[in-house]
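Undergrad: sequence below, structure please.
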Amino acid sequence: MKVICFTAIVLVLIFLAPLGLFNLENLEANDIIIARREGVAGCSIILKLKEDNTFVFNNICFGTSKTTGKYHFVGDSLFFKDIKIGRDDSNFYEFGLKDTLDIIWLYYDKQDTSGICLHIINSNQKNQEK
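TA: Predicted coordinates:
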């Protein structure tokens, strides 16, 4: 009898909340900028800059890696600090440049001449430069 009750409760919860009871993204700060890069084989990179000067960098390619930390702008330059590198990653970008074409270029260091290009898909930036 206990098994039937438990099964019924589980089925009702699945029906009422198929995506889960809690959405952890609601606990995070609002997004200021969302930038994305689409690669081959369904690989993608998403960078979310938050209101509280934290960032989330998701690298999705044959698995998921989530890097987090803090950021700050100086003019059009974006600097990262307090970085917690995600799974299967060995390093992270030192800085980025936001250009006028809704693109953010990320560079590993000052000797990096190629960088990667992320297209800004959503921007609610309200004078975040300090």
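
Undergrad: C-alpha from now on. contacts and neighbour counts both.
TA: Will do.

Undergrad: for the longest strand anywhere in the chain, buried residues please.
TA: For the chain, the strand that runs over the most residues, judged by DSSP state E, is strand 64-74. Taking 16 or more other CA atoms under 10 Å as the neighbour-count basis, strand 64-74 is seen to contain the buried residues Ser65, Lys66, Thr67, Thr68, Gly69, Lys70, Tyr71, His72, Phe73.

Undergrad: so what sits opposite the third one in the bridge?
TA: Spelled out, that is Thr67. Judged by DSSP bridges, the bridge partners of Thr67 are Phe57.

Undergrad: show me what contacts it?
TA: Val56, Phe57, Asn58, Ile83, Lys84, Ile85, Gly86 (CA atoms under 8 Å, 6 or more residues apart in numbering).

Undergrad: beta partners for the closest residue to Ser114 other than its chain neighbours?
TA: Of all residues not flanking Ser114 in the chain, Tyr107 sits nearest, at 7.6 Å (CA to CA, 6 or more residues apart in numbering). Applying DSSP bridges to Tyr107 gives these bridge partners: Phe95.

Undergrad: and the pLDDT for Tyr107?
TA: Looking at Tyr107, its pLDDT stands at 95.

Undergrad: I'd assumed Phe80 was in contact with it.
TA: No - Tyr107 lies out of contact with Phe80 (CA atoms under 8 Å); the separation is 10.7 Å.

Undergrad: mutual contacts of these two, please.
TA: Tyr93, Glu94, Phe95.

Undergrad: tell me, how many residues neighbour the last one?
TA: Burial of Phe95, expressed as a neighbour count using other CA atoms under 10 Å, amounts to 20.

Undergrad: surely it touches Val74?
TA: No - using CA under 8 Å as the test, Phe95 is too far from Val74 to be in contact (10.6 Å).

Undergrad: ok, Gly96 - contacts?
TA: Neighbour list for Gly96: Ser77, Leu78, Phe79, Ile104, Trp105, Leu106, Tyr107 [criterion: CA under 8 Å, 6+ apart].
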